[in-house]
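Novice: need a structure here:
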Amino acid sequence: MLPSDMVGGVSATRAANLEASGEALDKFVGQVDSVLRALEESAGNPTKVGAQGIRATSLTSGGESEFPEAHGLYKQYTRVHHELTTLSKSLHLQIEAIGIAVTGARNGFDSLEEEQRQRFWAIQAEIKKLQPKVDDQQHASSGTKTKA
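Specialist: The predicted model follows:
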């Protein structure tokens, strides 16, 4: 049996401690917005990261059989570049979602503008698309597909 001061498994005292003030949430939203702006202006911006690719001919003009090491290097660079681009996009989206979630926590998710609610769920869908499926993950040392 739960103590009489517990509601939904959390005591009233603990629930009160979890409530955040509007000022604290405003400060946190400002910090999240600042981090997002800094990311957009940095070399970690998803667009800038994505633009830093190379072509296989940058390493060798011969076929794969002539200089297999160069082709191996190109394949690894391309794989790592893709993963960094995906990580940058995911980070950008998650920071944006945190800003919306904090605004929703302050005022209630139902009081968010419809556009913000739709953007929040669109971000969640985009992040889910970016996350690798277990069957698609590559084994780091051999580059072979693994099955879960």
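
Novice: where do the helices of this protein begin and end?
Specialist: 12-18, 22-41, 46-50, 68-107, 114-130 (DSSP state H).

Novice: for Thr57, find the nearest of those helices.
Specialist: Smallest distance to Thr57 across the helices of the chain (Cβ to Cβ): 9.3 Å, for helix 68-107. In this view, the C-beta of every residue, glycine as well, is placed from N, C-alpha and C.

Novice: returning to that earlier point: in CSV: the helices of the chain, plus mean pLDDT.
Specialist: As requested, those are exported to CSV (pLDDT from 0 to 100):
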stretch, mean pLDDT
helix 12-18, 57
helix 22-41, 79
helix 46-50, 82
helix 68-107, 87
helix 114-130, 93
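
Novice: so which of those helices is nearest Ser58?
Specialist: helix 68-107 (8.0 Å).

Novice: now the helices of the chain as CSV including distance to Gly62?
Specialist: Output for the helices of the chain, formatted as CSV (distance: least, Cβ to Cβ, whole Å):
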stretch, distance to Gly62
helix 12-18, 63
helix 22-41, 40
helix 46-50, 28
helix 68-107, 8
helix 114-130, 35
